[in-house]
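Asks: Build the 3D model from these lines:
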Amino acid sequence: MKFFPRTLPLLLIAIFAIVPAAHPQSPSPVLPPDIPNDATVWTFLTDKSPSGQDVVWTTPDGAIHEFFQFNDRGRGPKTYTTYRVDRHGIVTSVETHGVDYMKNSVTENFSFANGEAAWKNQSENGHQNNAAGKYFVDLDGGPANASLLSQALLKNGGKLPLLPGGEASLRELKTISVESGGKKATATLYQIDGLDFSPTYLWLDNQHNFFASVSATVPSFSRAGDGLAESFGAENSSPAKARAEVVAMNWRRVIIYTPEV
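Replies: Purely as a prediction, here's the structure:
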């Protein structure tokens, strides 16, 4: 499910914003047994309660794997995606299978070779020549596409043409310090334009790895961890006009956004 034809998958969780707080919470689905123990896990929160996960890991062949699911009163996606990227961070292959928000089966494939790109999903069967250097934004994958795109933009001067069309640009906005258990890190807020009618915001760490997502319409999105370590304040004037409470969790992070009234 996408709110606009090429909105990044991380905005899927904006559906939580329309669920009344008094509505019974949906239990968080259990991770399947095929998820590696060393995978990085992000947790979706509804009213500060876990309701799903986004899991990312890399295999020795260089492939980036993602498992994505959440439960919204029996609805919600459950997908596996495999990404491959070149040395410039441009996606050269995407394979996704599973079910979408309404539990319809989805299969999406993208490939790039010899300057030609081809993709197919439930809505499109596309092909483009002279596609070198263009970044494919998928329909059915999970939020990992956001961090991969941001990394590609950083490697390519902050601007990239997109497939099937358009252009994305990246702008650095602000950096904050994170401290937990005697360890310190930094997180930098970036703005991506060109994916939607309004900008997309996300935080990256000092290695340009995904740190947290930002959207004024999303009540909460977290990177899961073992045990709450420390809360370190609120960002009251973000570009998304949201109040952010960021919590460090043993090098895992939680970020909660509440729209201003």
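
Asks: Tell me where the stretch 151-261 of the chain is predicted with low confidence.
Replies: Residues of the stretch 151-261 of the chain that meet the criterion pLDDT under 70 lie in 179-183, 214-261.

Asks: Okay, helices next: where are they in it?
Replies: If you assign secondary structure with DSSP state H, counting those that start in this stretch, the stretch 151-261 of the chain ends up with no helices.

Asks: Leaving out the residues flanking it, which one is nearest to Y83?
Replies: Ranked by CB to CB, 6 or more residues apart in numbering and with sequence neighbours excluded, the top spatial neighbour of Y83 is I64, at 4.4 Å. Every residue, glycine included, has its C-beta placed from N, CA and C.

Asks: The one you found and W57: what is the separation?
Replies: Relative to W57, I64 is positioned 8 Å away (CB to CB, to the nearest Å).

Asks: which residues are in contact with both of these two?
Replies: Common contacts of I64 and W57 (CB atoms under 8 Å, 6 or more residues apart in numbering): none found.

Asks: If W57 is in a bridge, with which residues?
Replies: Partner residues in beta bridges with W57: H65, with DSSP bridges as the criterion.

Asks: number of nearby residues for it?
Replies: By the other CB atoms under 10 Å criterion, the neighbourhood of W57 contains 16 residues.

Asks: Now do the contacts for it.
Replies: With contact taken as CB under 8 Å, 6+ apart, W57 is in contact with 35-36, 38-40, 64-65.

Asks: Buried members of those into PyMOL, please.
Replies: Buried residues within the contacts of W57, by 16 or more other CB atoms under 10 Å, are selected in PyMOL with:
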select buried, resi 40+64+65
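
Asks: now the contacts of W57 in a markdown table, with secondary structure and pLDDT?
Replies: Shown next, in a markdown table, are those (DSSP: H, G, I helix; E, B strand; the rest coil; pLDDT from 0 to 100):
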| residue | secondary structure | pLDDT |
| --- | --- | --- |
| I35 | coil | 95 |
| P36 | coil | 95 |
| D38 | coil | 91 |
| A39 | coil | 93 |
| T40 | strand | 89 |
| I64 | strand | 97 |
| H65 | strand | 98 |
